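Engineer: all I have is the shape, not the residue letters:
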């Protein structure tokens, strides 16, 4: 049974870089056809797709965050990571990692989410 677990710093200051890690257990992140995705939900708002990394290690990002976002992976640790640069209070959200089995924006497995608060 595949499970996802996010980890991250919780609180970051404006202009800093936040790095979040999603650890995958019960499966491998280079398995074919899967898209390992980051999604966030700001307080009181809906879900926002950030981007994904596919089984070949190629990443795609939402245009509004593309200039500040890097999604990478470590296959030896079975982890994929979200790096978001130059954060502002508008980046405050619960961040989720999820698995998309077809790249269609439908997620079959979610992590529990990790809160990131951007505040001085």
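Structural biologist: Sure thing, it's come through. Every value quoted in this text rests on a predicted model; they were computed, and no experiment measured them.
Engineer: is it true that residue 97 touches residue 81?
Structural biologist: No: Residue 97 is beyond contact range of residue 81, at 9.6 Å (criterion: C-beta atoms under 8 Å). All C-beta spots, glycine's among them, are computed from the backbone N, C-alpha and C.
Engineer: more neighbours: which of the two?
Structural biologist: The residue with more neighbours, out of residue 97 and residue 81, is residue 97; 31 against 20, by other C-beta atoms under 10 Å.
Engineer: nearest spatial neighbour of that one, chain-adjacent residues omitted?
Structural biologist: Spatial nearest neighbour of residue 97, excluding adjacent residues (C-beta to C-beta, 6 or more residues apart in numbering): residue 22 at 3.4 Å.
Engineer: with residue 101 instead?
Structural biologist: The nearest residue in space to residue 101 (C-beta to C-beta, 6+ apart) is residue 108, at 5.4 Å.
Engineer: circling back: check contacts around the residue nearest to residue 97.
Structural biologist: Residues near residue 22 by C-beta atoms under 8 Å, 6 or more residues apart in numbering: 4, 5, 6, 7, 36, 38, 79, 80, 81, 82, 97, 111.
Engineer: touching, residue 12 and residue 95? I think so.
Structural biologist: No: counting by C-beta under 8 Å, residue 12 stays clear of residue 95, with 11.7 Å between them.
Engineer: chain center to stretch 46-62: distance?
Structural biologist: 8 Å (C-alpha atoms, centre = their mean, to the nearest Å).
Engineer: can you give me the strands for the chain?
Structural biologist: Applying DSSP state E to the chain gives strands spanning 3-7, 11-12, 18-25, 35-41, 48-54, 59-61, 69-74, 79-84, 93-100, 109-110, 114-118.
Engineer: so in terms of bridging, what pairs with residue 80?
Structural biologist: Beta-bridge partners for residue 80, by DSSP bridges, are residue 22, residue 73.
Engineer: and it, how far from residue 117?
Structural biologist: Applying C-beta to C-beta, to the nearest Å, the value for residue 80 to residue 117 is 22 Å.
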